[in-house]
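> Make a model of this:
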Amino acid sequence: MSKSKKWIIGVGLLGSALFLHNQQLAKIARKTDTLTARAVDKLNAAHPGLNANCYFLDADGIVLHTLLAGPEDGPLAILLHGFPEHWASWRKQIPVLAQAGYRVVAPDQRGYNRSSKPRDIRPYRLDALTKDVANLIEALGRETAVIIAHDWGGSVGWQFAANYPKMAEKLIIMNAPHPKALGREFRKGWAQRLKSWYMLFFQLPMLPELALTLSPYQTARQSFQKMTAQREAFSDDDVEMMAVAMSQPRAMSSMINWYRALRYPPANKANLISTPTLLIWGEQDFALSRALTEDLEKWVPNIQRHYIPHSNHWVQNEAPEEVNNAMLAFLQA
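From the prediction side, this is the model:
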């Protein structure tokens, strides 16, 4: 057989494999309406008066699938999830905040689950992601909000408070490093560099999203049930919701593009934050060292820290009661 025929056959086989792969993802993705409704109904049944519901909100051309709950006239609390999650990562905080009087806003951020997924990499730069938060606040007819954020959502939270200081009433960050601290630890040596190896892997084209979607259920189980200090933090239903969110069309590529867009640094690189800030940190984090929480006062002068020794990276799910108590004490101070 000639080399050209072998090449044609190889391309055909690869194309067929990719077609079947995408068909399988589409089959999983079709469960989203049922699972979303079930999750919202479960929240409302367990917490009468919560009035939680999901909406598609237009944030200046970017449509954000968003859960809203709590009193409509309450102060805004915007919850920003991380990778590879979506709004349901906050299911253990939504009722507590609503009961405290907040209008809770938990969006699927740009590129995630059922929200808009612009093509290319540049639309996922930090300045675009923080603008989504500002536009969401304005779309809800407000001028300010409390920002509560975890992981990549925390990176958006830090930058939002720097870019829009008048819009951020208070800032609560969970297991997400201040960008200056992350740069400092990268320069120090290999400890944090090795923990962050995946950030380099995610710069490769196509391979990361193929690897993570070969079995979305396995990816979700590995991420949320095995890479945790508290195995009961995520139920099988929670894992299924995460897997279905990862399987949405173009979702995984869009999610990974957040990492690829690090090549486009924000316009405001000072990262000075005057907003009162609470940093909650699960000390067993597999990806981020405790050193990232130290010596932050030069960039965040009004900061408090709350460490949780028995928690890994998914702190709001692994230690919800302690997180909720710390969060409410800070907000009510």
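
> Tell me which stretches of this protein form helices.
Along the chain, counting by DSSP state H, helices occupy 3-29, 32-46, 94-99, 126-139, 152-163, 179-188, 190-195, 197-201, 207-213, 216-221, 236-246, 251-260, 315-318, 320-332.

> Lowest average pLDDT across these?
The weakest mean pLDDT among the helices of the chain belongs to helix 3-29, with a mean of 68.

> Find the centremost residue of the protein, please.
By C-alpha atoms, centre = their mean, the chain has its centre lying nearest to residue 82, at 1.7 Å.

> residues contacting residue 242?
For residue 242, the contact set (C-beta atoms under 8 Å, 6 or more residues apart in numbering) comprises 84-86, 88, 220, 223-224, 234. Bear in mind the C-beta positions are built from the backbone N, C-alpha and C, glycine included.

> of the helices of the chain, which approaches residue 275 most closely?
For those, proximity to residue 275 was assessed by C-beta to C-beta; helix 152-163 is nearest, at 4.6 Å.

> Kindly export the closest one (C-alpha atoms) in CSV.
The C-alpha trace of helix 152-163 is given here as CSV (Å, rounded to 0.1, in the frame of the first residue of the first chain):
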residue,chain,number,x,y,z
TRP,A,152,-10.4,30.4,38.5
GLY,A,153,-13.5,32.3,39.7
GLY,A,154,-11.1,33.7,42.4
SER,A,155,-8.7,34.9,39.7
VAL,A,156,-11.7,36.8,38.2
GLY,A,157,-12.6,38.0,41.6
TRP,A,158,-9.1,39.4,42.4
GLN,A,159,-9.0,41.2,39.0
PHE,A,160,-12.6,42.4,39.3
ALA,A,161,-11.8,44.1,42.6
ALA,A,162,-8.8,45.7,41.0
ASN,A,163,-10.6,46.8,37.8
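
> what residues does that helix touch?
Around helix 152-163, the neighbours that count as contacts under C-beta under 8 Å, 6+ apart are 79-83, 109, 126-127, 129-130, 133-134, 147-149, 167-168, 171-179, 258, 266, 268, 270-273, 275, 277.

> repeat that with 7 Å
For helix 152-163, contacts defined as C-beta atoms under 7 Å, 6 or more residues apart in numbering pick out 80-83, 109, 126, 129-130, 133, 147, 149, 168, 171, 173-176, 178-179, 258, 266, 268, 270-273, 275.

> Redo the helices of the chain as JSON lines? Include distance to residue 54.
Output for the helices of the chain, formatted as JSON lines (distance: least, C-beta to C-beta, whole Å):
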{"stretch": "helix 3-29", "distance to residue 54": "16"}
{"stretch": "helix 32-46", "distance to residue 54": "6"}
{"stretch": "helix 94-99", "distance to residue 54": "12"}
{"stretch": "helix 126-139", "distance to residue 54": "14"}
{"stretch": "helix 152-163", "distance to residue 54": "18"}
{"stretch": "helix 179-188", "distance to residue 54": "31"}
{"stretch": "helix 190-195", "distance to residue 54": "34"}
{"stretch": "helix 197-201", "distance to residue 54": "30"}
{"stretch": "helix 207-213", "distance to residue 54": "24"}
{"stretch": "helix 216-221", "distance to residue 54": "20"}
{"stretch": "helix 236-246", "distance to residue 54": "12"}
{"stretch": "helix 251-260", "distance to residue 54": "17"}
{"stretch": "helix 315-318", "distance to residue 54": "19"}
{"stretch": "helix 320-332", "distance to residue 54": "21"}
